[in-house]
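S.K.: Just to be clear, the model below is a prediction. Sequence and coordinates:
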Amino acid sequence: MITLAVDCMGGDHGPRVTLAACRQFLDNHPDARLLLVGLADSLQSFSHERATVVVATEVVAMDDPVEVALRRKKDSSMRVAIQQVKDGAAAAAVSAGNTGALMAIARYLLKTLDGIDRPAIATQLPNAVGGATTVLDLGANVDCSAEHLLQFAVMGSALVSALQDGGEPTVGLLNIGEEVIKGSEVIKKAGELLRSAANSGDLNFFGNVEGNDIFKGTVDIVVCDGFVGNVALKASEGVASMIIGALKAEFSHNILTKIAAIVAYPVLKALMKRMDYRRYNGAALLGLRGLVFKSHGSADTMAFEQALNRAYDAARNNLLDRVRTRIAHAAPLLAPADAQPQPGVAATTTH
């Protein structure tokens, strides 16, 4: 049995969505158990032989400052869910709540792995070759050193290798051009570190990539700082929504366009399915001494179930052990980042 702890109160919709997703997840995974964490009154109606309610007395609001979530709401559903991972009662925790609070609480309770300065948020974005490109960081670290980017690459490689079959995942460094002479001094130094890691067998480094390579599927993993990654994430979601909306509107104009829509329906359906960001919901908080997954705050039932699926797959494939192994192997390269001001967690991130 693989046990997940679920913050049922988090997100824009709370138990109305999370409980429905939990039921669907349990129906589809007979070898899984869930610890449903939340207010007693909100969870009392849920019953399943493989689900246990864990009562929390507080809820972290989507607009709560990190300090409030971390220091004042010590019995929040988010914190209690992560505590289950720390105590060994659950293999992973899943929440759709406030991203800044989730990262701060997870880092406080679980701590970072040896060799990792900062956790990173990683998720998948659909690409043109029918798969998905894993991108990190997506908002946890706005300012990053070259060493941080190397650490992200190592952790991202462990994530993708754990969840995909065969082959060593390729890593690209997001830059303004493919040439090694381009980019800021941080990016140039990161490129040198990544090439060294490739030479030592720690990474399968492809080289510099540009923004369009994320969606072309040029590499399996794209590494960037959290500011750029979060902008790319939100832009991709906006473009996907715009295209799907435009298609639906265009084919509802008149009888001719409706006939065309009927003829093209199989292709359009496949396209809209591929671009549906709900299918890729569930971002991993990498670099912690435990597995924590973040669902989009506005996730519906389908999307939240996908986040549960990702946490389940990560636990089943021993993601944490794989990350530890890769970090240990790359330890000579993962020197602590140069001393610099430590920016706070990006509390405004909502993915």
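M.R.: Alright, I've got the coordinates. Numbering: from 1, shown residues only.

S.K.: so what secondary structure elements neighbour the helix or strand encompassing Ala328?
M.R.: Assigned by DSSP states H and E, Ala328 belongs to helix 319-329. On a contact count with 3 or more C-beta pairs under 8 Å, 6 or more residues apart in numbering; DSSP states H and E, helix 319-329 meets helix 146-163. Yep, even glycine has a C-beta here, placed from its N, CA and C like the rest.

S.K.: distance between the helix it packs on and the chain's centre?
M.R.: The chain centroid and the centroid of helix 146-163 are separated by 13 Å under C-alpha atoms, centre = their mean, to the nearest Å.

S.K.: Tell me which other helices or strands it touches.
M.R.: Applying 3+ C-beta pairs under 8 Å, 6+ apart, we find helix 146-163 packed against strand 120-126, strand 132-136, strand 170-174, helix 185-199, strand 221-223, strand 283-286, helix 301-316, helix 319-329.

S.K.: ok, and the helix or strand in this protein with the lowest average confidence?
M.R.: The helix or strand of the chain with the poorest confidence is helix 255-275; it has a mean of 62 (mean pLDDT, DSSP states H and E).

S.K.: for Ser183, helix, strand, or coil?
M.R.: One thing to correct before we go on: residue 183 is Gly, not Ser. Following DSSP: H, G, I helix; E, B strand; the rest coil, Gly183 is assigned to coil.

S.K.: Leu113 touches Arg322, doesn't it?
M.R.: No: counting by C-beta atoms under 8 Å, Leu113 does not reach Arg322; the two are 11.6 Å apart.

S.K.: In the sheet, which residues pair with Leu35? Tell me.
M.R.: Applying DSSP bridges to Leu35 gives these bridge partners: Ala5, Thr52.

S.K.: And the residue sitting nearest the centre point of the chain, how far from Leu19?
M.R.: Centrality entry for the chain: nearest residue to the mean C-alpha point is Ala283, 1.2 Å, by C-alpha atoms, centre = their mean. According to C-beta to C-beta, to the nearest Å, Ala283 stands 21 Å off from Leu19.

S.K.: Also Asp220?
M.R.: Asp220 is 34 Å from Leu19, by C-beta to C-beta.

S.K.: How about Gly282?
M.R.: Distance, Gly282 to Leu19, using C-beta to C-beta: 17 Å.

S.K.: For the two, indicate the residue with more neighbours.
M.R.: Higher neighbour count among Gly282 and Leu19: Gly282, with 26 against 22, using other C-beta atoms under 10 Å.

S.K.: can I get the helices and strands packed on helix 146-163 in a markdown table with mean pLDDT and distance to Gln151?
M.R.: A markdown table is the format used below for the helices and strands packed on helix 146-163 (pLDDT from 0 to 100; distance: least, C-beta to C-beta, whole Å):
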| stretch | mean pLDDT | distance to Gln151 |
| --- | --- | --- |
| strand 120-126 | 91 | 8 |
| strand 132-136 | 93 | 10 |
| strand 170-174 | 97 | 12 |
| helix 185-199 | 95 | 10 |
| strand 221-223 | 97 | 9 |
| strand 283-286 | 95 | 9 |
| helix 301-316 | 96 | 18 |
| helix 319-329 | 89 | 8 |
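
S.K.: May I see those organised as CSV, with distance to Tyr108 added?
M.R.: Shown next, in CSV, are the helices and strands packed on helix 146-163 (distance: least, C-beta to C-beta, whole Å):
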stretch, distance to Tyr108
strand 120-126, 16
strand 132-136, 21
strand 170-174, 29
helix 185-199, 27
strand 221-223, 25
strand 283-286, 12
helix 301-316, 20
helix 319-329, 18
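
S.K.: what about these, which gets the closest to Arg33?
M.R.: Closest of these to Arg33 is helix 301-316, at 10.6 Å (criterion: C-beta to C-beta).

S.K.: now the angle from that closest one to helix 319-329?
M.R.: Taking axes from the mean of the first three to the mean of the last three C-alpha atoms, to 10 degrees, one finds that helix 301-316 is oriented at 50 degrees with respect to helix 319-329.

S.K.: Report how many residues lie close to Val219.
M.R.: For Val219, the neighbour count with other C-beta under 10 Å is 23.

S.K.: Was I right to think it contacts Glu210?
M.R.: No: counting by C-beta under 8 Å, Val219 stays clear of Glu210, with 11.1 Å between them.

S.K.: Leu286 is in contact with Gly156, correct?
M.R.: Yes: counting by C-beta under 8 Å, Gly156 touches Leu286, with 7.2 Å between them.

S.K.: So for those two, which residues contact both of them?
M.R.: 120, 122, 136 (C-beta atoms under 8 Å, 6 or more residues apart in numbering).

S.K.: Please list all residues in contact with the first one.
M.R.: By that I understand Ala120. Counted by C-beta under 8 Å, 6+ apart, Ala120 has contacts 136-138, 140-141, 151-152, 155-156, 226, 285-287.

S.K.: Let's see that with 7 Å instead.
M.R.: Contacts of Ala120 were listed using C-beta atoms under 7 Å, 6 or more residues apart in numbering, and they are 136-137, 140-141, 152, 155, 286-287.

S.K.: same thing with Asp75?
M.R.: 56-58.

S.K.: Looking at these, which is nearest Ala299?
M.R.: Checking the contacts of Asp75 against Ala299 with C-beta to C-beta, the nearest one is Ala56 at 19.9 Å.

S.K.: Surely that closest one and Leu36 touch.
M.R.: No: using C-beta atoms under 7 Å, Ala56 is not in contact with Leu36; the gap is 10.2 Å.
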